[in-house]
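Please find the sequence and the predicted model below.
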Amino acid sequence: MNPNKALWEKGDFTQIAATMRGSGETLVGSLGIRPGMKILDLGCGDGTTAIPAARLGAEVRGVDIAANLVASGNRRAQELGLANCRFTEGDASDLRDLQTGSFDLVVSIFGAMFAPRPLDVAREMVRVTRPGGRIVMGNWIPNDPTLVAQILRISGAYSPPPPEGFISPVRWGVEADVLERFGAAGLPVAAIDCRRDTYVFECEGPPAGLLARFEGFYGPTMNALDAARANGREAELHAELEALFTAQNQSGDPARTSIPATFLRVTVSV
Ligand SMILES: C[S@@+](CC[C@H](N)C(=O)[O-])C[C@H]1O[C@@H](n2cnc3c(N)ncnc32)[C@H](O)[C@@H]1O
């Protein structure tokens, strides 16, 4: 089994995505989407960005490596009557089923960053975008003090060392790496804009409830918990995560959770 696919099919990211819908809509609203635009959402999950884009009238194709998330996305699109939004299984590092130059906009929010072989990912994103089109990526930033970068850091500290040659997904949050990868795909530095932006995780209930979603359904945290349990360190990991979630809650109401997280927003003109 492909370990990248296994990681995301192990959990159920829809449980986390449900807390990210507001930011997904805000981000999509900032992309200048017009009816009829052809959009690829890579690593789309169950459609946090694909579905609002389709609501604006775009022709949206969501591609994700996890079969359960593709099924959830198609279910949501069908329930909403969005015949212009279709989800299929695929790997961001090998988009052989998609034609060269066939999309006006390729969006990948915390998606393609998790695919192996980042040089292939950059090359494939550029290949399927039409000349004059755009790529927009959202990538978590290594060592950033906000929520997701810290979850990934803490989870990594309790997990076994990655296999030889593994390239950390958060290197997509380092501007120099982004420039190098799109440079290798043939794009000049001037075509690439990197800036910080924010996603907010929001749900009813205290931060412990959001943490329970990550512990129960987010592949990287689930794997860390499995490894910590095997080493008798599960309680220690849980306590570290609980302190993080509690400290980061900015709702001002202990019965509600609102946690902002900083990411690198990359816009590439092809
Ligand atoms: C953190 S979730 C984000 C999902 C969605 N973009 C959102 O904003 O809700 C990461 C997503 O990337 C997908 N993914 C991971 N590796 C992938 C790959 N190699 N190709 C395509 N999708 C991938 C996962 O299955 C998962 O749906």
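It's in.

anything in stretch 136-144 near the ligand?
No - judged by Cβ under 6 Å from any ligand atom, stretch 136-144 stays clear of the ligand, getting no closer than 7.5 Å. Every C-beta, even on glycine, is put in place using the N, C-alpha and C of the backbone.

Tell me the buried residues in that stretch?
Within stretch 136-144, the residues that count as buried by 16 or more other Cβ atoms under 10 Å are Val136, Met137, Gly138, Asn139, Trp140, Ile141, Pro142, Asp144.

and that stretch, how far apart are its ends?
20 Å (Cα to Cα, to the nearest Å).

Averaged pLDDT, it. What do you get?
Mean pLDDT, computed over stretch 136-144, is 97.

Off-centre distance for stretch 208-226?
In terms of Cα atoms, centre = their mean, to the nearest Å, the centre of stretch 208-226 is set 16 Å apart from its chain centre.

Averaged pLDDT, it. What do you get?
Average pLDDT, stretch 208-226: 94.

Return the residues in contact with whichever residue of the stretch 101-250 of the chain sits closest to the ligand.
Proximity of the stretch 101-250 of the chain to the ligand (Cβ to the nearest ligand atom) peaks at Ala115, 3.1 Å away. By Cβ atoms under 8 Å, 6 or more residues apart in numbering, Ala115 lies in contact with Asn4, Gly43, Ile65, Asp91, Ala92, Ser93, Val121.

Repeat the analysis, applying 6 Å as the threshold.
Ala92, Ser93, Val121 (Cβ atoms under 6 Å, 6 or more residues apart in numbering).

Among these, which ones lie close to the ligand?
Ala92, Ser93.

List the ones among the contacts of Ala115 that fall in helices.
Val121 (DSSP state H).

Return the per-residue confidence for the residue of the stretch 101-250 of the chain closest to the ligand.
Reading off the model, Ala115 has pLDDT 96.

Next one: the residue nearest to Gly111 when sequence neighbours are not counted from Val107, what distance?
Of all residues not flanking Gly111 in the chain, Gly43 sits nearest, at 1.8 Å (Cβ to Cβ, 6 or more residues apart in numbering). In this view, Gly43 and Val107 are 9 Å apart by Cβ to Cβ, to the nearest Å.
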